[in-house]
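S.K.: next come a sequence and a model predicted from it.
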Amino acid sequence: MNRAEARRGAVLASRLAVAGLLSVAPLCADAHLLVVAGVGGEDAYTDRFHLWSTRVADAAVAAGLRPENVVYLGEREDIDPERISARSTGENVLAEIAALAGRSSPGDDVWIVLFGHGSGAAGPPRFNLPGRDLVAAEYAAALEQLPDRRVVFINASSASGGFVGPLSQEGRVVITATKSGGQSNESLFGGFLAEAFDGAAGDANKDGRTSALEAFEFAQREIERYYRQNGLLRTENALLDDDGDGLGSSEPAGLEASEAADGRLASLVYLAQEAEPSTLTAKARELTERRAGIQRRIDELRLQRETLDEEVYLSELQELMVELALVDRELEEAGGADGEPDP
Amino acid sequence: MISGGRRSLAGTAAGALVLAVVWSVGAWPARAQEPVSLDEIESMLRTGRYEDAISRLEVRTGAAEAAAPRAVQLLVEALIATGRYDEAAGAFEGVDAADSGLGVLRGRVALLGGDREGARQAFESARAARGRDALVASFELARLARDQGVIEQATTGFYAMIDAYNRGAADTAEELVAVAEACQWLGRDDPELFKDALRAYDEAVALDPSWPVPRIRLGELFLEKYDSSQARTSIADVLRTNPRHPEALLAMARTMRFDGDPRAAETLDAALDVNPNLIAARVFRARLRLASERFGEAREEAEKAIQADPESLTARTVLAAVEFIEGRNEEFASLRDGILADNPRYADLFNELADASVENRLYPQARDFAAEAVRLDPKSWRGYGLLGQNQLRLGEIEAGKGNLERAFAGDPYNVWIKNTLDLVDTFVQYRTIQSEHFEFHIHESEAELLAPYVVELAEEAWEVLVERYRFEPPTPVRVEVYPSHADFSVRTVGLAGLGALGVCFGPVLALDSPSARQVGHFNWGATLWHELAHTFTLLVTDARIPRWLTEGLSVVEERRARPAWGDDVQIPFITSLRDGDLLGIGELNDGFMRPKFPNQIGLSYYQASLICDWIEANYGFDAVLLMLAGYREGKSTEEVFQEAMALSLESFDERFFGYLRERFGTAMAALYDVPGAVGRDDTEDEESGEDGPSRGPRRNLFAGSGPDLEALERVAKERPDDFRVQMTYGNALFAKERYAEAEAPLLRGRDLFPEFVGPGNAYTLLAEIYRELEREEEAIEALQGLLQHNETAWDEHLALADLLAGAGRSEEEAAILERTLYISPFDAGVHRRLAEFASADGRFDVAVRERAALVALDPPDRAEALYRLARAQRDAGRAEQARRTVLRALEVAPGYDPAQELLLDLVGKEPARKGRQAGVEGP
């Protein structure tokens, strides 16, 4: 086990404590993923959506999700019969969401990720599926079957912006590739999102996992870079909503925001399976608690950054970072989850 | 303020007079003429058949019986249009102008001849006669008062026109034009009146659609407000009916000049062909000559205008400008004092002097003249605008902004001022960076990335240029870098759409950021060096340097700075040389200021640079310095050449063109004129800039539809020494992926014209062929050949770097990658490679620069980028910077192991342990 892995449980514990969300999402909650590739229309798009879907599905398994918790509905099952559970018809999508309700428990994380084409300039916002499309309201109704779960709903299709309003709810993260139904040009957001989860690319804070917020910020940044470097006019502006106000944000603040704002919940939800805290040794648990305390002080200090003299800020930050680094060393030496758990 | 709606049409003079005039056949000596009506003659007049109209009317008015007033009017108008002012005055003999309703016309004829007192009497008589032109006579009297500086009287007179309109007393097109012109003048007190002026012009057009004057005035008003598109539309309407209307031609020439349309000169010539005594056209031509630094011709034009009207304020003003620019201070002062004696409130004297100074790059003088203009007339919004613009050009930002705001408050329809103020408002988004000799202003979105490179290059250039020119400009020099080309354009000329890449006002220079241009079309480093060289040559000569010399030296300095920088030879240059179409030294400024075709500017830059090269090669750089000193002292080019090289301009041309023919002999011989589509060098679509170097064609001249391959093969065999044929054949084979066959014609093309590096060039294609055929060493050689001349080819730079990497020639690879930074510093891969090279070679400061660039590029993995920067800083011995940077990395990722270890190491907690450094970086 490497140091990052050893620390994973401790990091999550400390972050949840800081966020005051521990009661909502207990440690060792299960994580589930449903990936849906919509209708491509052309082979090139079908292949592309399949590629993105498999990248996310494989990344989830690599991050510890049980394979049975990962379901991929594809446009054509024959493309990849081993991975694709069933065809991505509207009926199958709704059935799979219903199945998720049965398979998951309160407190679990449920990720639903759509890759494909969408529309929304005329009529209700919809995601294009083989056969009948499902509109945003139908997804919203289906998600009602998942109370007390932390749902991350990502619609990475073109013209997906119209999904934010209907699906927005407290305790739910909604991400769309565009800001409106009118942005109907081909969207590349999904590709960068898949890249964020696949490997360490999206793991900005180097804690060994990629949160919904990290993935969103990675994809946003890369989209901006892509359009700028290629001298193109940008035709997609992704949104993230997780404060339930129905208004997505293109620059969610994350945990650092002093007031409730988009990004706070998304920074705490990872496409990963958490370690069982019961496997930690007593020493590791003690260190974990210390680490959480230091992390809390770091976060508090960062909130004061604008008001503090820079030298004072840096001096205090350095003190805390040194302390944290030393605890992390100890945590590693204590063996993290590798040691024999104390009774 | 005008109020009330459109009035019903009253009968006009033109509409009322429908009597046919039957001409005596015997009275026409030359040939028999069909009898024509005055309406038909008026139609001749309005379609530009002035001579026809005159010949028919002269007979009539010359007859014993009293001439019909309308016939006299038409004759006089035709004579005025053709500049025969004396004859026009003579046409009134025996005519009681005032009683005939021709008093205004008579007064105007007197004015054209410079007889102001006669004009005043005629206008007063017309007003007293209360005839049909009485109202316009009142307007003319107000205008006379204005021109004599009696502003209060003029203002009263102009307001009277508005009263007349509101009373419904202005009901002819001519009266409405008078109302409109009054509103235009009074707009200086109340800008809303500009709208009323538009309305009155529109009403005049509606009332008499065939009368051209309101459309011309409307066009002039639009142009005054920098709306050349509407100006052009309005004036073009007139020229469609009467392509010989001198005033319309003049107005169109002004519009074209504003738009940078090279047809401006010929349009102006056309106006003067019809009316050689059109004073405004002579004055405009003098201004153009002055801007082209053809001072003798400018003087000649101004004197012709003065000859036509010795009291003309505008003509004397332009002559004063010539005297000033030429440094004849006594003559200048005498003219200035004379003008002010005639009109003590004539702010436009100083406004024109300011404009002329700007065109000759004398920005401090322009600022001072504009200040004098507003002192003379506190409502000269044009003066405030010029003052503000020139203060901005000199880096006096706050003062400039204040004056522009005054100008805009007084004239809110001025697009230039509005655009500039909008731009100045964005200056808060720019970060100011100080270095030893410069003050840089770079947009906050890219300052972190660009600043280190811009500062480094500018300071390097400073050191080089100070030594070379033995002169140190006052510091700091202000450098503005614009991420939006439109903003750069507004900063330069007040409007979007400028083709240039950079501009130098002396102590202030501005240029496009690399983000403002498509990658591969621009080298910001070369542009910065070019503009900074201007700072030296402008300031060392007090801006009394010809345009060709300052541009030529700037290009030479580019070439000396880095391989491939500076303009390259283009096919049109060779064909122009071959055909004797290049300009001699005496006319070279015209190639910049009055280009006859779009690419002439680019050719002139290149030619000017070769002239400077040639002088330095044959006479040493001291000769150049001697020339600069001569120009500073106000000497002419003839004197300067004689003094520095003992050459007349003619002998210089002879020797220089001899050198060019020798140097480019092979290429000239290889550029046959081939009929048809083979290698056609259509240069009309090439980019060119009024104030910056053209960087050559963007389109492959040898690609596209042409003869089929078999035909090309045949021609290529027949014409082995024809560059275009060989290149077209090679390109065609390449396009068909017949690489092995394409090699020979491309090699032949390369050898015939080795300096050709435009699209479709032999080097790029040969490199691709060699890569395809796995002949990497030859591919390297081909690309190196290209990059000896081409400083913007992004893809080829990277391709060469990759080939060199593959060949293990890392030092050369690093050198090529360094060069790409001046094309675009936005490629993370380039910075990463450079950082790794630098670290490996122990060049830690360079490693820090490159790692800082990677951080500035806002990478997805910010924590790692910061950590690596911190390591580079530590390696460079900058422990304190490293400590701060690693803390920034940990802010992003508090548990990032390598950063934690580095921090512990930096604060002396424990030595870093093995295995705690970040791994190999991703692509």
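M.R.: Looks like it came in fine.

S.K.: which residue is the nearest non-sequential neighbour of the residue in the stretch 651-800 of chain B that chain A sits nearest to?
M.R.: Nearest residue of the stretch 651-800 of chain B to chain A, counting by C-beta to the nearest C-beta: B:Trp794, 11.3 Å away. For the C-beta atoms, the positions are set from N, CA and C on the backbone; glycine is no exception. Nearest non-adjacent residue to B:Trp794, counting by C-beta to C-beta, 6 or more residues apart in numbering or on different chains: B:Gly520, 4.1 Å away.

S.K.: for the one you found, what are phi and psi?
M.R.: With angles defined as degrees, to the nearest 10, B:Gly520 sits at phi 100, psi -10.

S.K.: now for it: which residues touch it?
M.R.: B:Thr792, B:Ala793, B:Trp794, B:Asp795, B:Ile823 (C-beta atoms under 8 Å, 6 or more residues apart in numbering or on different chains).

S.K.: state the number of residues packed around the residue of the stretch 651-800 of chain B closest to chain A.
M.R.: 17 (other C-beta atoms under 10 Å in any protein chain shown).

S.K.: do the same with B:Gly552
M.R.: B:Gly552 has 27 neighbouring residues, counting by other C-beta under 10 Å.

S.K.: any idea how far the helix or strand hosting it is from the middle of the chain?
M.R.: B:Gly552 is part of helix B:547-561, with elements assigned from DSSP states H and E. The chain centre lies 19 Å from the centre of helix B:547-561; the measure is C-alpha atoms, centre = their mean, to the nearest Å.

S.K.: hey, C-alpha coordinates of the helix or strand following it in CSV?
M.R.: Using DSSP H and E, the helix or strand that follows helix B:547-561 in sequence is helix B:571-578. Written as CSV, here are the backbone C-alpha positions of helix B:571-578 (Å, rounded to 0.1, in the frame of the first residue of the first chain):
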residue,chain,number,x,y,z
ILE,B,571,8.2,36.4,-55.2
PRO,B,572,6.6,39.8,-56.0
PHE,B,573,9.8,41.5,-54.9
ILE,B,574,11.8,39.5,-57.4
THR,B,575,9.3,40.2,-60.2
SER,B,576,9.1,43.9,-59.3
LEU,B,577,12.9,44.0,-59.4
ARG,B,578,13.0,42.2,-62.7
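
S.K.: circling back to that earlier point, so which elements touch the helix holding B:Gly552?
M.R.: Using 3 or more C-beta pairs under 8 Å, 6 or more residues apart in numbering or on different chains; DSSP states H and E as the contact test, the elements touching helix B:547-561 are helix B:447-469, helix B:524-540, helix B:588-593, helix B:600-619, helix B:621-632.

S.K.: switch to 7 Å and redo it
M.R.: helix B:524-540, helix B:588-593, helix B:600-619 (3 or more C-beta pairs under 7 Å, 6 or more residues apart in numbering or on different chains; DSSP states H and E).

S.K.: can you redo those as CSV with mean pLDDT, mean neighbour count and distance to A:Ile97?
M.R.: Shown next, in CSV, are these (pLDDT from 0 to 100; neighbours: other C-beta atoms under 10 Å in any protein chain shown; distance: least, C-beta to C-beta, whole Å):
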stretch, mean pLDDT, mean neighbour count, distance to A:Ile97
helix B:524-540, 97, 25, 53
helix B:588-593, 88, 22, 70
helix B:600-619, 95, 22, 64
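
S.K.: near chain B, which residues of chain A show up?
M.R.: For chain A, the residues in contact with chain B (C-beta under 7 Å from any C-beta of the partner chain) are A:3, A:7, A:11, A:201, A:204-207, A:218, A:221-222, A:229, A:231, A:295, A:298, A:302, A:314, A:317-318, A:321-322, A:324-325, A:328.

S.K.: tell me the average confidence for the helix ranked longest in chain A?
M.R.: Identified as the longest helix of chain A according to DSSP state H is helix A:310-333. For helix A:310-333, mean pLDDT is 92.
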